[in-house]
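Undergrad: predicted model, plus sequence, below.
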Amino acid sequence: MSEEHPVKRTTIILDEEERRYIDKLIEEGREPGIKPLISKMLDVYRSMSIVDWKYPGEYYSGVSRVAFINVEFINIMLQFISEENWQEVGQKIGEAARISLEASLGLQTSDREKWPGGVFKRLRVQGFGDFYVRDKYIVVKTPFISNHKFLNGFLQGLLGVPLETKTLTPPLILEIVESSKT
């Protein structure tokens, strides 16, 4: 920091239960310390671009109303959709996510250079898992959507590229199929 903008110190008063929880995260090695944890929390909050928060579990981001759901919800939904339609349904949901990200956040989901710092960061913040591009592959560690057909379709609809699933269990690996193969 420069002398023009000196560092401001902030004191946060945590109740006993909150402090025990944070100490437990640090002791278990899940977090390196209280300052990095708070920085991470602020980064996630900032990344969510929350326009209107309605606790619990609902907020508006741009034009989209967002609610947190669990993996059981997705699995139950898939039970009522025939297996041959899983990828197509995933594609339609991915297309809806693409429209939402483009309209709300200005993210161009088909721009591969924007995937790591834009689209994949957004998916991580939203709880979809950790996404990485390695050459012509997309690697999904700890995927929220474990159904490989549905996830393949979701990513095809979101990213606008054809994908071929290479592994059926996490970490999921999907190959970006070049247009000469299609």
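TA: Perfect, I can see it now. Residues are numbered from 1 along each chain as shown.

Undergrad: mind saving the C-alpha coords of stretch 71-83 as PDB?
TA: The C-alpha coordinates for stretch 71-83 follow below in PDB (Å, rounded to 0.1, in the frame of the first residue of the first chain):
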ATOM      1  CA  VAL A  71     -27.100 -33.000  -5.900                       C
ATOM      2  CA  GLU A  72     -30.000 -35.200  -4.800                       C
ATOM      3  CA  PHE A  73     -32.400 -32.800  -6.600                       C
ATOM      4  CA  ILE A  74     -30.500 -33.400  -9.900                       C
ATOM      5  CA  ASN A  75     -30.400 -37.100  -9.300                       C
ATOM      6  CA  ILE A  76     -34.200 -37.300  -8.600                       C
ATOM      7  CA  MET A  77     -34.900 -35.100 -11.700                       C
ATOM      8  CA  LEU A  78     -32.800 -37.500 -13.900                       C
ATOM      9  CA  GLN A  79     -34.700 -40.500 -12.600                       C
ATOM     10  CA  PHE A  80     -37.800 -39.100 -14.400                       C
ATOM     11  CA  ILE A  81     -36.000 -38.400 -17.700                       C
ATOM     12  CA  SER A  82     -35.100 -41.400 -19.900                       C
ATOM     13  CA  GLU A  83     -31.400 -42.100 -20.100                       C
END
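
Undergrad: what's the distance between that stretch and the middle of its chain?
TA: Put simply, stretch 71-83 sits 20 Å off its chain's centre (CA atoms, centre = their mean, to the nearest Å).

Undergrad: with stretch 37-48 instead?
TA: With CA atoms, centre = their mean, you get 14 Å for stretch 37-48.

Undergrad: now do the buried residues in it.
TA: By 16 or more other CB atoms under 10 Å, stretch 37-48 has no buried positions at all. To be clear about C-beta, it is placed using only N, CA and C from the backbone, and glycine gets the same treatment.

Undergrad: neighbouring contacts of that stretch?
TA: Contact with stretch 37-48 is made by Ile12, Ile22, Leu25, Ile26, Glu31, Tyr59, Ser61, Lys121, Arg122, Val125, Gln126, as judged by CB atoms under 8 Å, 6 or more residues apart in numbering.
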